[in-house]
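[1] Starting from these lines, generate the structure:
(one chain, ligands or ions: 1)
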Amino acid sequence: TGAELTRLREVAEVVATEAGRLIVSQRPDRVAVAATKSSPTDVVTAMDHAAEQLLIGRLQELRPEDGFLGEESGFRPGRSGLTWVVDPIDGTVNYLYGLPSYAVSVALVAGAEPTAEPDPRTWQALVGCVHAPALGETWSAARGQGARLAESTGTRDLAGPASPGLAEALVATGFGYSAPRRRRQAEVVLDLLPRIRDLRRTGVASLDLCAVAAGRVDGYYERGLNAWDFAGALVVARETGAVVTDFAGGEPHPGGLLAAGAGLHRVLLDALLSAGVTRED
Ligand code: IPD
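    Below you'll find the model as predicted:
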């Protein structure tokens, strides 16, 4: 019901905010210590792990029947058919460098198979919250109830992206971590960049998708994401009327995600396909 979805959205906001407090408050020490002790990546992994444990613990308290899918701990089925899909730190490289753009992403999805790991191609994403603690931004949405952004100056409903022509479009993207994938992604950029207004690479998939919802960029595409990178922001973007698909027009999934306003989506998809993105990716 609507009231139940509102309550679930609030649960997502509460746990994301708590995890955000942890990752912000502990960052300076941990990074400094680790810089002398171990590899920089270990720090991030340790904090990812701690924040995910916090999220699991709190969600188990508040929603003991639900399952859980997280970057660090994988899938744990529940009894309700609902699964919380979380990324404790999206934008780990920004976090490592002290760039303020990073976020905790929390989503609730209904899987097609109640006890199997929910698949983005068939799940129903019900609720999403993307909390960027160092930016002071909390994006949230529940299916059928719109999307909003809470910041220190107040909370506002999000109206969704505009749809300029391709030459006026500001487009966000991201790159995977593997070198062969980056080579292919660079080839796509080579073709696309001269045809659009400009490109943005923030390093945070969830916030890129929220940026589409707020019209801060006109479109966003990426290949090679994980389900937890985009699950929360997917609800936020869709609730504003943004069109979010894969590169074949189906449901978005790790192989491909493209988000834009209804009037730009098709044009941008065609541009990406002609730049070498394949429908199967
Ligand atoms: C990454 C970020 C980045 C995107 C990568 C993701 P992580 O997530 O969202 O923007 O380009 O594909 O893996 O590793 O920081 O959680």
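
[2] For whatever residue of the stretch 1-150 of the chain ends up closest to the ligand, which residues are in contact?
    Among the residues of the stretch 1-150 of the chain, Thr92 lies closest to the ligand, at 3.8 Å counting by CB to the nearest ligand atom. Glycine gets a C-beta too; all of them are placed from N, C-alpha and C. Thr92 is in contact with 44, 48, 102, counting by CB atoms under 8 Å, 6 or more residues apart in numbering.

[3] next one: phi and psi at it?
    Phi and psi for Thr92, reported as degrees, to the nearest 10, are phi -60, psi -30.

[4] got a pLDDT number for it?
    At Thr92, the pLDDT value in this model is 91.

[5] Same question for Glu117.
    On the pLDDT scale, Glu117 gets 96.

[6] same check, this time on the one 4 residues further on
    We have a pLDDT of 96 for Arg121.

[7] That one and Glu10, how far apart?
    28 Å (CB to CB, to the nearest Å).

[8] swap in Val204?
    Val204 is 23 Å from Glu10, where distance means CB to CB.

[9] so how far is the first residue of stretch 235-248 from its last?
    Using CA to CA, to the nearest Å, the end-to-end distance of stretch 235-248 comes to 20 Å.

[10] Would you check the distance separating that stretch from the middle of the chain?
    On the basis of CA atoms, centre = their mean, to the nearest Å, stretch 235-248 sits 12 Å off its chain's mean C-alpha point.

[11] For it, buried residues please.
    Within stretch 235-248, the residues scored as buried using 16 or more other CB atoms under 10 Å are 235-240, 242-247.

[12] Please list all residues in contact with whichever residue of the stretch 151-281 of the chain sits closest to the ligand.
    Nearest residue of the stretch 151-281 of the chain to the ligand, counting by CB to the nearest ligand atom: Gly174, 2.5 Å away. By CB under 8 Å, 6+ apart, the residues touching Gly174 are 201-203, 205, 208, 222, 225.
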